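Visitor: The following comprises the amino acid sequence and a computationally predicted model.
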Amino acid sequence: MLDIMKRGIIPIVGGILAIIALFMGWYILAILAALVLALGIYDWTQERWTITRNYPVAGRIRWLFYQLRPYLRAYIVEDNLNGKPYSFEARNLVQSRARNETDTHPFGTERDVDAEEYHWVGHSIAPEPAPDESPRVTVGSDQCSKPYSASLLNISAMSFGALSANAVKALNIGAKKGNFYHDSGEGGLSSHHLEHGGDMVWELGSGYFGARDKDGHFDPELFRDHASHDAVKMTEIKLSQGAKPGHGGLLPAAKVTEEIAKIRNVPAHQDCLSPRGHSAFSTPIEMLEFAAEMRDLSGGKPVGLKFCVGQPHEPFAIIKAILKTGITPDFIVVDGGEGGTGAAPLELSDWVGMPLSEGLVLMRNALVGAGLKGKIRLAASGKVYSGMGLARNIAQGADWCNAARAFMFSIGCIQAQRCHLGTCPTGVTAQDKWRQRGLIPEVQGERAARFHAKTLKALSEIIASAGLKHPSELEAHHLMHRVGPEKAVPMDRVHTFLPEGILLDAPEETVYADWWNAASAESFRPAIDLVSTRATKSKEEAMK
């Protein structure tokens with residue numbers, strides 16, 4: 001009995017206090033105390049929750065702190081560098097640049113320079129006096145009639161529906177002011193993407209939203225109508241994304257408003273499904289033929305592929321299909337398996353898909369090894385927020401970078417991680433008009449442009465310190481990486497970087513020999529039995 005009284009002490013005290021307050025004439029206090037007692041009786045008798053059934057009222061205090069935990073951790077517990085997914089330092093850097101506040105740091109680095117994850121750019125005794133502060137890269141193979149000059153930092157794919165209308169407008173205003181591009185995401189082109197005139201890349205995923213017939217298949221005429229818009233500078237086929245590779249996606253019925261349904265060409269107020277794979281093609285050759293069709297329908301604008309690298313033979317299958325058909329995509333975007341803005345099953349975000357660094361290097365090697373890097377541009381998308389992040393990716397083979405979450409921070413996101421619930425406190429991902437009203441597109445768009453400009457300025461400072469004029473001159477050996485407490489090596493000794501054309505001349509001499517042999521232009525499935533091929537007989541073989 002004593003144990004029961006201990007566990008029910010709050011409603012018991014509430015009942016006693018209600019009686020005393022009633023006799024004393026303190027009626028408001030009596031009502032409040034009686035409500036605590038009533039809540040305790042309800043908790044004691046309900047059968048759904050074990051904690052409140054055994055600890056009436058007191059068990060609810062646990063719920064309160066469970067709800068507050070992310071905020072307490074982010075603002076009180078975490079240090080500057082170890083917060084996840086983005087540290088306080090990262091969020092603060094983006095927001096300081098966006099707001100035109102100082103982004104300098106006093107008293108030296110807070111990073112552990114002896115930690116194995118530490119890396120740095122080697123500077124030169126002869127720094128470059130006049131680096132390019134607004135570097136660009138031309139995108140477009142000889143099969144493209146309307147090449148595009150891209151900034152080295154752009155807005156990665158985020159759909160209207162996942163983002164609010166005001167957020168999309170703000171990002172597009174930023175793209176217009178800063179002269180960089182805005183990827184539509186796979187949710188189709190909306191008026192919010194187009195009304196401010198920022199450069200657009202129209203991403204087409206497996207749902208073909210905005211270019212689909214009533215059965216969900218690709219509609220060439222609808223695609224032509226949208227792709228011919230002046231604001232659309234390039235188009236992109238999304239094969240997978242880092243947040244949930246191989247999963248597709250689902251926009252719940254509650255978020256499929258009449259407006260979103262019209263843009264996506266789907267029924268309103270019903271779940272909107274993106275299938276796992278494309279219905280327009282099923283083989284590498286068919287995929288390239290589809291890309292060529294998109295390029296023709298768009299009037300010769302560059303067309304690209306976007307995917308998170310998974311099984312290593314698949315990028316080589318794409319390469320073999322390019323070599324066999326002669327159809328050249330104008331660019332490839334590698335998305336990192338670290339995840340992104342989209343809500344996804346935890347297992348997929350944590351454990352499926354190749355992290356950006358490894359995926360980027362593999363794709364770089366596939367292009368360089370096949371002699372295609374000069375024709376096909378390579379972009380990196382995943383957790384980029386600083387000049388150093390840009391420099392690291394470019395040194396590993398990227399021609400430019402795309403960022404999603406960093407640009408969300410620039411327009412007000414506070415990493416509340418409520419994107420999938422429709423209760424975003426800043427209105428960045430909420431469809432509710434009252435939540436969106438806090439986000440003023442004209443104000444936040446200016447901040448997105450400022451963040452972009454200052455980040456490229458930081459990149460130019462890094463490039464100049466290395467004695468280079470343009471970021472494209474960065475190579476893997478400029479980047480040092482610690483591999484132990486007493487040793488650091490250049491990045492080209494951490495990852496393998498293939499020489500030009502070796503996959504055509506001597507693939508068996510590379511670490512990718514098995515994967516190259518498994519690749520087929522006719523299928524994404526392995527062409528050989530990888531189990532028997534890769535069975536090892538010695539420790540030395542296993543290390544390859």
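Guide: Received it, and whenever you're ready, just let me know what you need. Numbering: from 1, shown residues only.

Visitor: So which bits of the lengthiest helix in the chain are buried?
Guide: Counting residues, the longest helix found in the chain (DSSP state H) is helix 441-465. For helix 441-465, a neighbour-count test (16 or more other CB atoms under 10 Å) marks 441, 444-456, 458-460, 462-464 as buried. Yep, even glycine has a C-beta here, placed from its N, CA and C like the rest.

Visitor: again with stretch 41-54
Guide: For stretch 41-54, by 16+ other CB under 10 Å, it's 43-44, 52.

Visitor: same question, stretch 183-196
Guide: 183-190, 192-194, 196.

Visitor: Pretty sure Thr289 sits against Phe281.
Guide: Check again: residue 289 is Glu, not Thr. Yes: using CB atoms under 8 Å, Glu289 is in contact with Phe281, at 7.2 Å.

Visitor: For Gly246, state which of the buried residues of stretch 183-196 is nearest.
Guide: Using CB to CB, Glu186 comes nearest to Gly246 of the buried residues of stretch 183-196, at 14.7 Å.

Visitor: Next, count neighbours for the residue lying closest to that closest one once chain neighbours are set aside.
Guide: Excluding the flanking residues, the one nearest Glu186 by CB to CB, 6 or more residues apart in numbering is Gly205, at 3.1 Å. Using other CB atoms under 10 Å, Gly205 is surrounded by 24 other residues.

Visitor: Please name every helix or strand in contact with the longest helix of the chain.
Guide: helix 88-98, strand 153-155, helix 165-178, helix 387-395, helix 405-410 (3 or more CB pairs under 8 Å, 6 or more residues apart in numbering; DSSP states H and E).

Visitor: mind listing what the following helix or strand past it pairs with, with the direction of each?
Guide: Downstream of helix 441-465, the next assigned helix or strand under DSSP states H and E is strand 479-484. Applying DSSP bridges, strand 479-484 is found paired with strand 119-121 (antiparallel), strand 487-490 (antiparallel).

Visitor: Could you pull up the mean pLDDT of the last one?
Guide: In this model, strand 487-490 has an average pLDDT of 94.

Visitor: can you give me the offset of that strand from its chain's centre?
Guide: Computed by CA atoms, centre = their mean, to the nearest Å, the chain-centroid distance of strand 487-490 equals 29 Å.

Visitor: Which residues does it contact?
Guide: Residues from elsewhere that reach strand 487-490 (CB atoms under 8 Å, 6 or more residues apart in numbering): 476-483.

Visitor: What ranges does the stretch 51-200 of the chain have for its helices?
Guide: 58-72, 88-98, 165-178, 191-194 (DSSP state H, counting those that start in this stretch).

Visitor: What mean pLDDT does the first one get?
Guide: What that stands for is helix 58-72. Per-residue scores along helix 58-72 average to 85.

Visitor: elements contacting that helix?
Guide: Using 3+ CB pairs under 8 Å, 6+ apart: helix 58-72 touches helix 27-45, helix 50-54.

Visitor: just to revisit the earlier point, now for the contacts of strand 487-490: which two are most distant?
Guide: Farthest pair in these, by CB to CB: His478 and Val483, 16.8 Å.

Visitor: ok, those two, which is more surrounded?
Guide: His478 (23 against 12).

Visitor: which residues does that one contact?
Guide: 121-122, 395, 466, 468, 490.

Visitor: For those, could you give me JSON lines that also reports distance to Ile19 and neighbour count?
Guide: Compiled in JSON lines, those are given as follows (distance: CB to CB, whole Å; neighbours: other CB atoms under 10 Å):
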{"residue": "Val121", "distance to Ile19": "73", "neighbour count": "19"}
{"residue": "Gly122", "distance to Ile19": "77", "neighbour count": "12"}
{"residue": "Ala395", "distance to Ile19": "74", "neighbour count": "22"}
{"residue": "Ala466", "distance to Ile19": "78", "neighbour count": "22"}
{"residue": "Leu468", "distance to Ile19": "80", "neighbour count": "21"}
{"residue": "Pro490", "distance to Ile19": "78", "neighbour count": "15"}
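
Visitor: What is the most widely separated pair among those?
Guide: Across the contacts of His478, the longest distance by CB to CB is 15.6 Å; it joins Leu468 and Pro490.

Visitor: what kind of secondary structure is Gly304 in?
Guide: What DSSP: H, G, I helix; E, B strand; the rest coil gives for Gly304 is strand.

Visitor: need the contact list for it.
Guide: Taking CB under 8 Å, 6+ apart, one finds 139, 234-237, 291, 329-333, 377, 379 in contact with Gly304.

Visitor: ok, 10 Å please
Guide: 139, 201, 203, 234-238, 291, 294-295, 329-333, 376-379 (CB atoms under 10 Å, 6 or more residues apart in numbering).

Visitor: next one: Val256
Guide: By CB under 10 Å, 6+ apart, the neighbours of Val256 are 161, 264, 266-272, 431.

Visitor: try Glu47
Guide: Arg53.

Visitor: Shouldn't it be within a strand?
Guide: No: under the criterion used here (three-state DSSP), Glu47 is coil, not part of a strand.

Visitor: which residues of the chain score low on pLDDT?
Guide: The chain contains residues with pLDDT under 70 at 243, 339-344, 537-544.

Visitor: so where do the strands sit in the stretch 101-250 of the chain?
Guide: 119-121, 136-139, 148-151, 153-155, 181-183, 199-204, 232-238, 249-251 (DSSP state E, counting those that start in this stretch).

Visitor: As JSON lines, these with distance to Val303 would be great.
Guide: Listed next are those as JSON lines, based on distance: least, CB to CB, whole Å:
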{"stretch": "strand 119-121", "distance to Val303": "33"}
{"stretch": "strand 136-139", "distance to Val303": "10"}
{"stretch": "strand 148-151", "distance to Val303": "11"}
{"stretch": "strand 153-155", "distance to Val303": "16"}
{"stretch": "strand 181-183", "distance to Val303": "14"}
{"stretch": "strand 199-204", "distance to Val303": "10"}
{"stretch": "strand 232-238", "distance to Val303": "5"}
{"stretch": "strand 249-251", "distance to Val303": "22"}
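
Visitor: nearest to Gly337, of those strands?
Guide: strand 232-238 (14.9 Å).

Visitor: and that closest one, how far out from the chain's middle?
Guide: 17 Å.

Visitor: same for that strand, what does it pack against?
Guide: Applying 3 or more CB pairs under 10 Å, 6 or more residues apart in numbering; DSSP states H and E, one finds that strand 232-238 makes contact with strand 148-151, strand 181-183, strand 199-204, helix 220-227, helix 284-297, strand 303-307, strand 331-335.

Visitor: repeat that with 7 Å
Guide: When contacts are defined as 3 or more CB pairs under 7 Å, 6 or more residues apart in numbering; DSSP states H and E, strand 232-238 packs onto strand 199-204, strand 303-307.

Visitor: Partner strands of the longest one and their direction?
Guide: If I follow you right, that is strand 199-204. Assessed with DSSP bridges, strand 199-204 is paired to strand 181-183 (parallel), strand 232-238 (parallel).

Visitor: and these as CSV, adding distance to Gly277?
Guide: As requested, the strands paired with strand 199-204 are exported to CSV (distance: least, CB to CB, whole Å):
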stretch, distance to Gly277
strand 181-183, 21
strand 232-238, 11
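
Visitor: For Ala416, find the nearest of those.
Guide: strand 181-183 (23.1 Å).

Visitor: How many residues are close by Ile28?
Guide: 8.

Visitor: Just the closest of the contacts of strand 487-490 to Asp112, please.
Guide: Among the contacts of strand 487-490, Arg482 lies closest to Asp112 (CB to CB), at 9.7 Å.

Visitor: and the contacts of strand 487-490, which are buried?
Guide: Buried among the contacts of strand 487-490 by 16+ other CB under 10 Å: 476, 478-482.

Visitor: Output those residues in JSON lines, with distance to Ala519 appended to each entry.
Guide: Formatted as JSON lines, these follow (distance: CB to CB, whole Å):
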{"residue": "Ala476", "distance to Ala519": "24"}
{"residue": "His478", "distance to Ala519": "31"}
{"residue": "Leu479", "distance to Ala519": "29"}
{"residue": "Met480", "distance to Ala519": "33"}
{"residue": "His481", "distance to Ala519": "29"}
{"residue": "Arg482", "distance to Ala519": "34"}
